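J.: fold the following, please.
(chains A, B and C)
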Amino acid sequence: MASVLFDHVWKRFGDFAALKDFHLDIEDKEFLVLVGPSGCGKSTALRLLAGLESVTEGSIFIGEERINDTPPRDRDIAMVFQSYALYPHMTIKDNIGFGLRLRKVPRQEVERRVSDAAVILGVEGLLDRKPGQLSGGQRQRIAVARAIVREPRVFLLDEPLSNLDAKLRVNTRAEISKLHKRLGTTFIYVTHDQTEAMTMATRIAVMDAGIIQQVGTPQQLYDHPANTFVAGFIGSPAMNFFSALVTESEGHLELRGDTYSVRVPLDRAGEIRQFKDRELLFGIRPENIHDQEFVPRGVNAVPIEVVVDVTELMGNEVFLHLLAGENKLLARVDPRTGLRAGARTEVLMDLERLHVFDPATTAVLVSASDA
Amino acid sequence: MKKRALRIAASPWLYLAPALTLLSVFLLYPVTNTIYLSFFDRSSTTFVGIDNYVYLASHPETIIVLRNNLMWLVLFTGTTVTLGLLLAVLTNQVRYEAAAKAIVFVPMAVSFTAAAVIWRFMYIYQPVEFAQTGVVNALLGLVGLDPVAWITNKSVNNLALIASGVWMWTGFALVVISAGLKGIPTEVIEAARVDGASETQIFWYVLLPMLRSVVLVVAVTLVINSLKVFDLVYVMTFGNYDTDVLANRMFKEMFTFGNFGRASAVAVVLLLAIVPLMLLNIRRFRREQ
Amino acid sequence: MAVNEHADPARTHLETPAERIVRRLSRGPLHAVIIAVCLAWMTPTAGLFISSFRTKADIATTGWWTALVPPLQFTLDNYDHVLTARGMGRSFINSLLISVPATMLTILVAALAAYAFSWIEFRGREALFLLVVALLVVPIQLTLIPVLRMFANFGMTGSFPAIWLAHTAYGLPFAVFLLRNFFVALPKDLLESAFLEGASHFVAFTRIVMPLSVPAVAALGIFQFLWLWNDLLVALVYLGGFRDVAPMTVAISSLVSSFGSEWHLLTAAAFVSMVLPLVVFFALQKYFVEGILAGAVKG
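T.: Presented below is the predicted three-dimensional model:
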């Protein structure tokens, strides 16, 4: 079994703690994505697992085996590096087969496995070339082939798509997902790109400042972010935040900001009333703010007064940059919208999808309702 | 407009003139003239065909010169490259790398003349019954061996001279190879580690092949310098006791024997030995462009 | 053969003292080898340095290392003697009078040519530059006899201008090669926008290329200065017979041939000749190393 357990791992570089009490249980055959901004410690976690850095405190297990002091070559893992790290002086064939030859695998079997891996990745035609003669996309495939040929217990990928152009990245994303299903091996994938995380992962661990912020399926993270960091990091364009005072007048619950206020619909008032007279942080995703002309059926939305600052036409949708007083809001609305820059209008917020956060701890108080 | 275009077109030669004049007067013309003179007698008056070359190839004393240059070429280059490579890889792993490299590199800053004095001093020999004042013989004494006359003993003196050359040039090899080593991406080495290579395997299968071109550049430079070696030999032995080399022999032919024909022939032999390396340089340069 | 597995400073953290000792010990052989090499490399120079402060009698009878234990008995007489009676002071000045002007001349002539090779289009440019690359490794032995005769014809033997010109010519291939490689790597946009604004080549050369090339010129200058300062052959051949213009290398080599066992003089003289290179080396090591790396093909 190739489950992986990071058991309360710390990693310090001098006085700087790159990982703080990093605890993560990864099941066999999972596709786990570690995502976070640069410097958040995600690559460090991967390098600890690969054995390229040493653990300061805590333990790492692959299966039942504690591998803190096992050298990389005995960990039975393979890794795809961001720069691909192909050996420039070796042919592609030798690049892919290097690990097998080091393990004294018989020559014929090396040949067979190299060509199998090459077929899987569609690089059979490149075997006699050298890395310098290949395009970025081809090199990336070779790096993946070199990793899968050893049939490792765990497969590590460190930002493998970040050096590809946008179009190739989308295609390769799908291929890596397919590869994961085909190999049935544990994949641990590091990226700063939340789109990659959302599209490929079976589970995501969001990291910031060396700490795991939340672990869950893509849908869980999107619908129920645990704090403002996860809420703002997952989803594109990012969630809008505004702070407002919860007030009650004439039996109606209102969120009052500096220059605006919105009325809380009755079915959510129950959850929010407990915070009466507190100043809280509210989050709403751009797709939950609607042009009043084009509100999807069944959405029960409340109006808020705004000025349209900029409009961005994306073809299948329109991004409206809105100003509610000092507060900036981004709305992702129906492409038929007639709203243009400068317009003073009311847009509708779907408060069913409102997230409520504690401004002091940034933790979530109330999530969007699942309805 | 036309005038301006003309001025720009004419200008390269203005910029090149001083350099081209100096190169022509001090290098191009003299080299051809030396080749010409090598077919003439001692005073450059009578044509003697290839007599000077025949002399060089047949006279026992000059055959030793050729042998010595060959020894320099093989032993000096081989030892210096190996040491430089080894030290580059070793110092790369310690925190005092910069200091260690500087110490080995210092001899590059001083003159071969001073180095020759330094090493004559290292090799001082006193008869066995006296206290040794040279470091090398004193160390031999420490391990119970008899002192050796490093400068005059014909079976070891060439090695002693070559050792002083290695001391001078190892820093060069170290610094250049070390810079090459820094240019190898860390991720490639990590990839090898994850692929299952031990540190020794990484050295042989990854580092060394990737350093190939740098090591080649260093080796070419050292070979050229082994062929041209002059100062160390001139100051340490003046080519006596069977330690003579081409460059020093040429000097002797000129100023001691006053034979300009033979001196020129020695210089031409030196040139012939270096031509292949010159072509190698040109080819590499054209490839890099 | 690890490259950076152990270089990680964080390993010291939260390590027990026992673990640290084990780790240090396991790397013992590595440190031992490096330190042994460093000691071996310093010993020859250290021996020379210490001996230069010992009396003639001491040097002749005991090894210099015995002088390191008390009673310490050192003297400056050797330096006094070589600098005055043996003319090392004069030679020091000569070395400067040879190296400094020749270095400046080399830089000037080479920079002009390198500019043409990198920023002026003309027919035959590549062929001409290949000639420069070829000349990089031509042994100067090939030029000694004709040049010596030429100097004799013009009555220039034993004169500083003669050796300045010779040194400049011999240094040119390398200097042009180094500067040209640096010049071509300057951003093209910068020069092109200057030309569009009406700059002449002279303006581009003096106002843009040279100011941007200070590091390369510094590297070349230091490298060339040390090379000339340390030269023996050229000075020996073109200035050889003239004692009053001899640089230190020539003076030392004649000391060796006439007073080969007067170690109190030789050590002091050799050290005088090393002082300036050592100061330059330690103060400007970065530039010197850059010069070495840029010109790894020089023979």
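
J.: just name the shakiest helix or strand of the chain by mean pLDDT.
T.: Answering for chain A, as no chain was given. When each helix and strand of chain A is scored by mean pLDDT, DSSP states H and E, helix A:266-273 comes last, with a mean of 82.

J.: the intended chain is chain B.
T.: The helix or strand of chain B with the poorest confidence is helix B:2-23; it has a mean of 74 (mean pLDDT, DSSP H and E).

J.: do the following helix or strand past that one and chain C come into contact?
T.: Heading C-terminal from helix B:2-23, the first helix or strand you meet, by DSSP states H and E, is helix B:29-37. Yes. Counting by CB under 8 Å from any CB of the partner chain, chain C has neighbours in helix B:29-37: B:Tyr29, B:Pro30, B:Val31, B:Asn33, B:Thr34, B:Ile35, B:Leu37. Placement of C-beta: from N, CA and C, glycine included.

J.: will you turn these into a markdown table that also has neighbour count?
T.: Below are the residues of helix B:29-37 next to chain C laid out as a markdown table (neighbours: other CB atoms under 10 Å in any protein chain shown):
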| residue | neighbour count |
| --- | --- |
| B:Tyr29 | 15 |
| B:Pro30 | 25 |
| B:Val31 | 21 |
| B:Asn33 | 19 |
| B:Thr34 | 25 |
| B:Ile35 | 15 |
| B:Leu37 | 22 |
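
J.: pLDDT added to those residues, as JSON lines?
T.: Output for the residues of helix B:29-37 next to chain C, formatted as JSON lines (pLDDT from 0 to 100):
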{"residue": "B:Tyr29", "pLDDT": "96"}
{"residue": "B:Pro30", "pLDDT": "96"}
{"residue": "B:Val31", "pLDDT": "96"}
{"residue": "B:Asn33", "pLDDT": "96"}
{"residue": "B:Thr34", "pLDDT": "96"}
{"residue": "B:Ile35", "pLDDT": "96"}
{"residue": "B:Leu37", "pLDDT": "95"}
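
J.: let's see stretch B:89-108 as PDB, backbone CA atoms only.
T.: Extracted C-alpha coordinates of stretch B:89-108, given in PDB (Å, rounded to 0.1, in the frame of the first residue of the first chain):
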ATOM      1  CA  VAL B  89      33.600  18.900  -6.400                       C
ATOM      2  CA  LEU B  90      35.000  18.700  -2.800                       C
ATOM      3  CA  THR B  91      35.000  22.400  -2.000                       C
ATOM      4  CA  ASN B  92      31.500  22.700  -3.400                       C
ATOM      5  CA  GLN B  93      30.300  20.900  -0.300                       C
ATOM      6  CA  VAL B  94      31.800  23.000   2.400                       C
ATOM      7  CA  ARG B  95      30.900  26.400   3.800                       C
ATOM      8  CA  TYR B  96      34.500  27.800   3.600                       C
ATOM      9  CA  GLU B  97      34.500  27.100  -0.200                       C
ATOM     10  CA  ALA B  98      35.400  30.600  -1.100                       C
ATOM     11  CA  ALA B  99      38.400  30.700   1.200                       C
ATOM     12  CA  ALA B 100      39.700  27.300   0.200                       C
ATOM     13  CA  LYS B 101      39.400  28.200  -3.500                       C
ATOM     14  CA  ALA B 102      41.200  31.500  -2.900                       C
ATOM     15  CA  ILE B 103      44.100  29.700  -1.200                       C
ATOM     16  CA  VAL B 104      44.600  27.300  -4.100                       C
ATOM     17  CA  PHE B 105      44.200  30.200  -6.600                       C
ATOM     18  CA  VAL B 106      46.700  32.600  -5.100                       C
ATOM     19  CA  PRO B 107      49.700  31.200  -7.000                       C
ATOM     20  CA  MET B 108      48.000  32.300 -10.200                       C
END
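
J.: pLDDT score for B:Tyr96?
T.: On the pLDDT scale, B:Tyr96 is placed at 93.

J.: swap in the one 4 residues further on?
T.: We have a pLDDT of 94 for B:Ala100.

J.: next secondary structure after the helix or strand A:Glu312 falls within?
T.: Taking DSSP H and E as the definition, A:Glu312 sits inside strand A:302-313. Next along the chain after strand A:302-313, taking DSSP H and E as the criterion, comes strand A:318-324.

J.: tell me the residue of the stretch 101-250 of chain C that sits nearest chain A?
T.: In the stretch 101-250 of chain C, the residue found nearest to chain A is C:Ala185; the distance is 21.1 Å by CB to the nearest CB.

J.: follow-up on the earlier one: from the residues of helix B:29-37 next to chain C, which is closest to chain A?
T.: B:Val31 (38.2 Å).

J.: tally of neighbours for B:Glu288?
T.: A count of nearby residues for B:Glu288, using other CB atoms under 10 Å in any protein chain shown, gives 7.

J.: how much space separates it from C:Phe122?
T.: Distance of B:Glu288 to C:Phe122, given as CB to CB, to the nearest Å: 21 Å.

J.: again with C:Ser52
T.: Counting by CB to CB, the gap from C:Ser52 to C:Phe122 is 54 Å.

J.: with A:Asp69 instead?
T.: For A:Asp69, the distance to C:Phe122 - CB to CB - is 65 Å.

J.: the two: which has the busier surroundings?
T.: Neighbour count, other CB under 10 Å: between A:Asp69 and C:Phe122, C:Phe122 has more, with 16 against 8.

J.: my read is that the more buried one contacts B:Pro12, right?
T.: Yes. Between C:Phe122 and B:Pro12 there is a contact at 4.2 Å, judged by CB atoms under 8 Å.

J.: so what sits against both of the two?
T.: C:Ala116 (CB atoms under 8 Å, 6 or more residues apart in numbering or on different chains).

J.: contacts only, for residue 191.
T.: Reading this off chain A. Neighbours of A:Thr191 in contact, by CB under 8 Å, 6+ apart: A:Val33, A:Leu34, A:Val35, A:Lys42, A:Glu159, A:Leu161, A:Ser162, A:Ala197.

J.: you answered for a different chain; I wanted chain C.
T.: Contacts for C:Leu191 (CB under 8 Å, 6+ apart) come out as C:Trp119, C:Ala204, C:Ile208, C:Val209.

J.: and the helix or strand that contains it, how far out from the chain's middle?
T.: Here C:Leu191, judged by DSSP H and E, is contained in helix C:188-196. Distance of helix C:188-196 from the chain centroid (CA atoms, centre = their mean, to the nearest Å) equals 35 Å.

J.: just the mean pLDDT for that helix, thanks.
T.: 86.

J.: okay, that helix in PDB with CA atoms only?
T.: Output in PDB follows, covering the C-alpha atoms of helix C:188-196 (Å, rounded to 0.1, in the frame of the first residue of the first chain):
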ATOM      1  CA  LYS C 188      20.900  45.800 -28.900                       C
ATOM      2  CA  ASP C 189      18.000  48.100 -28.300                       C
ATOM      3  CA  LEU C 190      20.200  50.500 -26.400                       C
ATOM      4  CA  LEU C 191      22.600  51.100 -29.300                       C
ATOM      5  CA  GLU C 192      19.900  51.100 -31.900                       C
ATOM      6  CA  SER C 193      17.900  53.700 -30.100                       C
ATOM      7  CA  ALA C 194      21.000  55.800 -29.800                       C
ATOM      8  CA  PHE C 195      21.600  55.500 -33.600                       C
ATOM      9  CA  LEU C 196      18.000  56.400 -34.300                       C
END
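
J.: helix or strand for A:Tyr283, which one?
T.: Just so we're on the same page, residue A:283 is Gly rather than Tyr. Secondary structure (DSSP H and E) places A:Gly283 in strand A:279-284.

J.: send me that strand as CSV with only the CA atoms.
T.: This file holds the C-alpha atoms of strand A:279-284, laid out as CSV (Å, rounded to 0.1, in the frame of the first residue of the first chain):
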residue,chain,number,x,y,z
GLU,A,279,-18.9,44.0,12.6
LEU,A,280,-18.2,41.0,10.4
LEU,A,281,-16.5,40.1,7.1
PHE,A,282,-18.8,38.8,4.4
GLY,A,283,-17.9,37.0,1.2
ILE,A,284,-19.8,36.5,-2.0
